[in-house]
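Student: Sequence first, then the predicted structure:
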Amino acid sequence: MSGLMAVFWKELADHFSSKRFIILSLLVYLAGIATIYVAAQNIRTGITEDTQLIFLRLFIVSGKTLPFSFPFFLSLFIPIVGIALGFDAINSERTSGNLSRILSQPLYRDSVINGKFLAGLVTLAILVVSIVVLVAGMGLRMIGVPPTAEEVLRLFAFIFVSIIYGSFWMSLAVLFSVFFSRMATSALASIALWIFLFLFMSMLAGVISGALVPIDENSSLELIVKNDEIYRTISRISPNTLYGETVQVLLMPELGNPSETLMLISIYTAGMIPSPLSLGQSLLIIWPQLTILIALTALCFAGSYIKFMREEIRST
Amino acid sequence: MDKQSIIETKDLVKTYGKFVAVDRLNLRVDEGEIFGFLGPNGAGKTTTILMMLGLTEPTSGTARIYGFDPTREAVKVKRITGYLPEKVGFYEDLTVRENLDYTAALNGLSRKIASKKINELIDVVGLSEMAERKIATLSHGMKQRLGIADVMIKDPKVAFFDEPTAGIDPEGIEQILTLIKNMAKHKVTIVLSSHQLHQVQKICTKVGILAKGHLVAQGSIEQLGRESIGGGKIRIEVQVSQTTPKLIESIRKVKGVTGVESRDDLLLVSCDEDLRRQIAKVVANSDSLLIQMKVEEYGLDDIYMNYFREA
């Protein structure tokens, strides 16, 4: 146990003093502040007397000067931070000749990997919590509308999901760091996978659903729905989609369940009566997405575990 | 003193695919010994050490350190063993002291004890002036000495040094060997792998020679020398003023002498035991004068080359 804590504290100190992490967190803070500023400027548009959850709108409104919302930025940066925290976890220790020295100390091998993972998780959590709290605080000052209890709970859920999402990317990067002996390879492999899932997965989903169920303007509603179902199923392979849906349900509950209405909203929004999902309903809807994200994280972690535990540790 | 066997391996085998790195190795190291593990590159020295430390699993056979199985009881073994790998590395961004602090923490030492011990050790290995410097500024020799301090932090009962003197200048080598010798004085059993024979000869009490995964010889240097070159016999070098057939004949008659060779003014006498007195008497009774006489000592070089010619 003492071994695990020793590794944990060492890694935590390393993360917070590493230039890599400082640069990335500065970038994240900058993006967060910029989006919230734009959001506060534009928050008045589209608000009616019936609008509920005004405070949450801070997090979703974007403007002409900066057409991205805060969650979008987070979904962009969190994977990068996760990868940055994990891609050299094991292979850097090996290349530097530290691994055989550390593993000849009286600690279980898993303590090294657990300690590193835990330190990464805590670092990630500190970053996410601090940025959300910072942004919320700024927003509160700028618009002067305090959040309701429900909004606070939704923000907590949002923080939690974001940390889970980041830890998935981190555990994937750790997995690569166990499998690839060179740091550049594991970094590039993680980034490549991220770009694929982030950019190309939805394109791929569009192509496949279009091929299976071709639709045009005159297609029946039934076909449109079917096409949309296939599209969504495929794009859900990407954790990015899972995270996006979860965030949407948590921060924009008025859009309803993404599995049922996402596509139809664009057709019928005009006449819709705003009836946001309750907090309980929202959590119920994101449950599967959250479970998959946690399962994927566990899977990557288990993979690196199995490989690392039985590996030969040679100092070359 | 009653000696206990500290390291024992039984038919230890390690294969990588079809390649046999270590083949049925039976090794025994007793308490307080400095065991020199010799062999050319790729003979399986490092692989054997890794198996003893549980850093790789044996394909078959067992290793025991103080009776513990390194594969199953890895942590128990690592609590009492120190290991200095061949290409040792430290955290470059941390200082000498911080690196040692980390090792102490991994060994579960309290801060107070650790800091006292680290101060002592930094002094012992001669790095007091470098204590607050980053690792990146250290020379190779300094890093190696830091490695020894790193091994000593946990007060090991057994210490493995894998090629500790590779690529270090003569003065540095001297310092490192002295440190290792001092550890042995404190009852630490030491296994030292090397292909640099002269250094091993200087400090080792016992050697094992490994070739292509086989242990071809094991024992003290004198013992091995006798076995490999003298055919298990002692050779006495007798220098006389002149060698005559008569003298050779009379030496041959001495009880216990199995052979005499003459080489210029030297007579090489093979015998079962140390017969210097008897030979001196024979020479004194002859026409020749005895100039000097000594029991031939075998250097590791001779032993080593002899084994590899065989292997």
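Tutor: Arrived safely.

Student: Could you check which residue of chain B lies nearest chain A?
Tutor: residue B:89 (2.5 Å; CB to the nearest CB). In short, each C-beta sits where N, CA and C put it, glycine included.

Student: Surely that residue is within a helix?
Tutor: No. Read with DSSP: H, G, I helix; E, B strand; the rest coil, residue B:89 is coil and lies in no helix.

Student: Report the contact partners of residue 213.
Tutor: This is for chain A. A:223, A:226-227, A:230 (CB atoms under 8 Å, 6 or more residues apart in numbering or on different chains).

Student: Oops, wrong one, chain B.
Tutor: Residue B:213 neighbours (CB under 8 Å, 6+ apart): B:14, B:20-23, B:25, B:43-44.

Student: Among the contacts of residue A:213, which ones lie close to chain B?
Tutor: Residues of the contacts of residue A:213 in contact with chain B (CB under 8 Å from any CB of the partner chain): none.

Student: Which of those residues has the largest number of neighbours?
Tutor: Tallying neighbours with other CB atoms under 10 Å in any protein chain shown puts residue A:227 at the head of those, with 19 neighbours.

Student: any idea how far that one lies from chain B?
Tutor: 51 Å (CB to the nearest CB, to the nearest Å).

Student: and if you look at residue A:213?
Tutor: For residue A:213, the distance to chain B equals 50 Å [CB to the nearest CB].

Student: nearest spatial neighbour of that residue, skipping sequence neighbours?
Tutor: Excluding its sequence neighbours, the residue lying closest to residue A:213 (CB to CB, 6 or more residues apart in numbering or on different chains) is residue A:227, at 4.3 Å.

Student: so how far is residue A:209 from that neighbour?
Tutor: Separation of residue A:227 from residue A:209 (CB to CB, to the nearest Å) stands at 5 Å.

Student: Run through the neighbouring helices and strands of the longest helix anywhere in chain A.
Tutor: Secondary structure of chain A per DSSP state H: the longest helix is helix A:109-143. On a contact count with 3 or more CB pairs under 8 Å, 6 or more residues apart in numbering or on different chains; DSSP states H and E, helix A:109-143 meets helix A:2-17, helix A:19-42, helix A:54-60, helix A:70-86, helix A:98-103, helix A:149-179, helix A:279-309.

Student: Reformat these as JSON lines; add distance to chain B.
Tutor: Listed next are the helices and strands packed on helix A:109-143 as JSON lines, based on distance: least, CB to the nearest CB, whole Å:
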{"stretch": "helix A:2-17", "distance to chain B": "4"}
{"stretch": "helix A:19-42", "distance to chain B": "10"}
{"stretch": "helix A:54-60", "distance to chain B": "37"}
{"stretch": "helix A:70-86", "distance to chain B": "16"}
{"stretch": "helix A:98-103", "distance to chain B": "4"}
{"stretch": "helix A:149-179", "distance to chain B": "16"}
{"stretch": "helix A:279-309", "distance to chain B": "11"}
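
Student: what's the least confident stretch among the ones you listed?
Tutor: Comparing mean pLDDT across the helices and strands packed on helix A:109-143, the weakest is helix A:54-60, with a mean of 82.

Student: near chain A, which residues of chain B?
Tutor: Counting by CB under 8 Å from any CB, chain B sits next to chain A at B:46, B:50, B:53, B:55-57, B:74-76, B:78-79, B:81-93, B:102-103, B:105-108, B:147, B:150, B:154, B:162.

Student: Now, of the residues you listed, which are buried?
Tutor: Using 16 or more other CB atoms under 10 Å in any protein chain shown as the burial test, the residues of chain B next to chain A include B:46, B:50, B:53, B:55-56, B:74, B:76, B:78-79, B:81-86, B:88-91, B:102-103, B:105-108, B:147, B:150, B:154, B:162 as buried.

Student: Flag every buried residue along the helix or strand containing residue B:175.
Tutor: Secondary structure assignment for residue B:175, by DSSP states H and E: helix B:170-185. For helix B:170-185, the neighbour count (16+ other CB under 10 Å) marks B:172-173, B:175-177, B:179-180, B:183-184 as buried.

Student: follow-up on the earlier one: to the chain's geometric centre, what's the distance from the longest helix of chain A?
Tutor: 12 Å (CA atoms, centre = their mean, to the nearest Å).

Student: In contact with residue 9, which residues?
Tutor: If you meant another chain, say so; for now it's chain A. So residue A:9 contacts A:119, B:105 (CB under 8 Å, 6+ apart).

Student: that's the other chain; I wanted chain B
Tutor: By CB under 8 Å, 6+ apart, the neighbours of residue B:9 are B:25-28, B:48, B:51-52, B:61-64.

Student: hmm, try it at 6 Å
Tutor: By CB atoms under 6 Å, 6 or more residues apart in numbering or on different chains, the contact set of residue B:9 is B:25, B:27, B:63.
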